[in-house]
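Trainee: The sequence isn't on hand, but the structure is:
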């Protein structure tokens with residue numbers, strides 16, 4: 001008897017192993033085994049059996065870990081979808097969906113549940129597959145664009161309907177605090193236990209949770225992205241809250257998107273899918289028209305009382321005859337009036353530190369990270385230079401490390417410099433800074449007149465209910481990013497901030513004519529969507545096309561550059577589809593990250609299937625010594 005085995009390695013084929021006689025009666029498809037691989041023993045998954053093999057001298061399986069399938073056919077299909085669409089092997093995809101201890105070889109025969117329903121030191125001898133077919137022909141996809149309170153009114157109706165039908169529920173949130181709130185709401189309102197799944201769970205807790213869900217002892221799961229793989233039986237509803245949040249897209253290979261996994265599972269189970277956000281992604285909003293998603297929007301009169309004022313920084317610099325302006329006269333005056341009237345102010349600037357870069361006044365040398373090619377920011381409170389990408393830290397130099405002369409100038413605007421300026425202008429005000437460098441703050445208890453913050457505040461907006469004045473210090477720092485989604489991401493952040501403001505918002509920008517401004521002032525997402533869609537259509541960017549990013553990285557820049565040229569020429573030669581565009585290799589930004597130099601090759605097509613098939617056939621087969629190649633479908 002010969003078993004076909006896949007391993008959690010970048011190997012796209014199954015390997016043949018002989019099944020020892022004493023295991024032939026017990027071994028089953030999709031059970032875990034341990035087998036020799038090169039000079040070690042690895043855990044693998046049995047995908048099938050055969051009577052013969054073209055390999056003459058087969059190695060034998062060492063041990064059998066399961067006497068029944070570790071996953072049902074529905075999850076095997078899901079693993080196949082992940083492997084094909086996110087360019088990993090089937091073994092890697094299976095590993096992705098399982099708890100850490102199961103991946104490490106923990107046997108499930110030694111675990112059981114105690115009378116309270118909690119997993120104790122031993123685990124169930126038999127895992128029950130409780131998948132029940134749905135009577136529905138097709139699930140509904142709902143795009144919900146509304147505030148948190150209004151969203152939960154819709155959630156409540158759908159959750160109770162799923163519970164009444166005896167169907168399982170998965171709710172995804174980008175932040176653990178939001179997951180906790182959702183769990184509490186379900187247990188208080190729906191009177192049903194909900195299981196919390198996130199990356200902070202210990203290995204033992206993760207396995208206990210998985211066993212309880214797999215056995216059908218609990219069928220409501222709330223969690224972060226990884227909860228999308230929870231083995232919920234008879235799945236009837238998936239909710240993705242804050243669906244535009246980039247945290248749902250994984251930052252390392254395989255680069256899966258939890259929203260795509262959720263759509264696959266919803267179609268597979270004929271479950272309803274709700275995508276919710278105050279400012280949905282353009283692709284989701286576009287799907288209302290093109291894929292038949294049902295749209296629920298807020299009352300257009302909501303937040304009509306908020307006055308949004310735009311300050312032209314170019315004009316302000318001319319009036320004040322200064323090149324660098326932190327706070328315009330208009331914003332400064334409004335802050336002063338708000339403080340005098342005992343009102344609360346939030347100043348938003350999405351740049352941490354005192355200065356965004358350090359430059360020699362003599363030779364012009366800019367101090368960069370030793371591991372990346374990014375500028376080091378100057379953190380005044382810590383008196384050190386910090387890399388925003390890899391957290392590399394360096395002492396502040398007294399002289400230029402390049403020319404050993406002159407002195408270092410600290411330039412650019414960060415939250416620490418804004419805080420210093422606020423203390424100078426408003427000495428009697430209580431000023432609080434909350435950012436990545438100073439985040440050990442309880443906003444529920446802190447007393448402040450002026451809150452200075454970055455995008456980190458988005459996860460705590462529910463704690464800020466009385467912001468009277470919002471000052472956006474620099475809209476341009478977000479709009480000017482090298483990202484075709486820059487306007488969309490900026491609008492999404494601004495929309496969330498505007499929702500919590502009671503009276504007025506002042507936005508400083510040197511681009512007052514940008515098409516983003518009018519929709520922001522009107523709180524009109526539909527208008528922004530129309531304008532942004534026109535820009536994307538002209539450039540043939542998503543949602544009018546699909547993108548696939550191939551990244552090559554290695555320790556030697558010249559070697560990576562040559563490999564990227566070789567791969568580009570190879571792909572161009574293999575491409576026979578005129579509608580598949582392959583762009584020349586380009587330096588990644590940043591070029592160097594965590595000691596590796598990076599080059600990108602971008603592929604574009606109107607057909608996602610075309611991109612996936614082409615990359616699976618040609619990119620995965622391209623190998624260069626010392627070069628790591630990753631493939632990212634629909635990069636963010």
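Mentor: Thanks, I have it. No experiment lies behind these values; they were computed from the predicted model shown. Numbering: from 1, shown residues only.

Trainee: gap between residue 59 and residue 14?
Mentor: 14 Å (C-beta to C-beta, to the nearest Å). The C-beta positions use only the backbone N, C-alpha and C, and glycine is treated the same way.

Trainee: Looking at those two, which has the bigger crowd around it?
Mentor: residue 14 (19 against 13; other C-beta atoms under 10 Å).

Trainee: And the contacts of stretch 354-365?
Mentor: 366-367, 375-380, 385, 396, 400-403, 405-414, 416-417, 420 (C-beta atoms under 8 Å, 6 or more residues apart in numbering).

Trainee: Please apply the same query to stretch 608-615.
Mentor: So stretch 608-615 is in contact with 84-85, 87, 546, 548, 550, 571, 574-575, 577, 579-580, 603, 605, 631, 633, going by C-beta under 8 Å, 6+ apart.

Trainee: Any of those buried? List them.
Mentor: Using 16 or more other C-beta atoms under 10 Å as the burial test, the contacts of stretch 608-615 include 85, 87, 546, 548, 550, 571, 580, 603, 605, 631, 633 as buried.

Trainee: Save those residues as TSV, and put in distance to residue 101 and secondary structure too.
Mentor: Shown next, in TSV, are the buried ones among the contacts of stretch 608-615 (distance: C-beta to C-beta, whole Å; DSSP: H, G, I helix; E, B strand; the rest coil):
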residue	distance to residue 101	secondary structure
85	27	helix
87	27	coil
546	37	strand
548	34	strand
550	34	strand
571	40	helix
580	43	coil
603	38	strand
605	41	strand
631	29	strand
633	30	strand
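
Trainee: Can you pull the phi/psi pair for the nearest residue to residue 98 once chain neighbours are set aside?
Mentor: The shortest distance from residue 98 to any non-neighbouring residue, by C-beta to C-beta, 6 or more residues apart in numbering, is to residue 70 (7.2 Å). The phi/psi pair for residue 70 (degrees, to the nearest 10) reads phi -80, psi -20.

Trainee: From residue 103, how far off is residue 70?
Mentor: 10 Å.

Trainee: swap in residue 532?
Mentor: Taken as C-beta to C-beta, the span from residue 532 to residue 103 is 41 Å.

Trainee: repeat for residue 578
Mentor: 44 Å.

Trainee: what's the answer for residue 485, then?
Mentor: Between residue 485 and residue 103 the computed distance is 34 Å (C-beta to C-beta).

Trainee: Give me the local confidence score for the nearest residue to residue 307 once chain neighbours are set aside.
Mentor: The shortest distance from residue 307 to any non-neighbouring residue, by C-beta to C-beta, 6+ apart, is to residue 504 (4.9 Å). Note on residue 504: pLDDT of 95.

Trainee: helix or strand for residue 504, which one?
Mentor: Using DSSP states H and E, residue 504 sits in strand 501-509.

Trainee: For whichever helix or strand comes after that strand, what is the distance to the chain centroid?
Mentor: Moving toward the C-terminus from strand 501-509, the next helix or strand (DSSP H and E) is helix 517-522. Relative to the centre of its chain, helix 517-522 is centred 27 Å away, using C-alpha atoms, centre = their mean, to the nearest Å.

Trainee: Can you give the contact residues for helix 517-522?
Mentor: 308, 310, 491, 494-495, 498, 507, 509, 511, 524-525, 527-528, 531.

Trainee: repeat for stretch 98-106
Mentor: By C-beta under 8 Å, 6+ apart, stretch 98-106 touches 8, 32, 34, 43, 65, 70-71, 95, 108, 203-204, 206-207, 209-210.

Trainee: buried sites along that stretch?
Mentor: Buried residues in stretch 98-106 (16+ other C-beta under 10 Å): 98, 99, 101, 102, 103, 106.

Trainee: Next, the fourth one: secondary structure please.
Mentor: Per DSSP: H, G, I helix; E, B strand; the rest coil, the secondary structure class of residue 102 is helix.

Trainee: same check, this time on residue 535
Mentor: Residue 535 is classified as helix under three-state DSSP.

Trainee: any idea how far it lies from residue 83?
Mentor: Plainly put, residue 535 is 35 Å away from residue 83 if you go by C-beta to C-beta.

Trainee: now residue 426
Mentor: The value you get for residue 426 to residue 83, if C-beta to C-beta is used, is 57 Å.

Trainee: can you tell me which two in the buried ones among the contacts of stretch 608-615 are farthest apart?
Mentor: 85 and 571 (18.9 Å; C-beta to C-beta).

Trainee: Walk me through the domains of this protein.
Mentor: By the assignment in automatic domain parsing, the chain contains the domains 2-108, 141-296, 307-356+412-536, 546-633.

Trainee: buried stuff in stretch 487-507?
Mentor: 487-501, 504-507.

Trainee: And stretch 510-527, by the same measure?
Mentor: Across stretch 510-527, burial judged by 16+ other C-beta under 10 Å covers 510, 511, 514, 516, 517, 519, 520, 521, 523, 525.

Trainee: picking up where we left off before, residues contacting the residue nearest to residue 307?
Mentor: By C-beta under 8 Å, 6+ apart, the neighbours of residue 504 are 306, 307, 308, 309, 334, 468, 469, 470.
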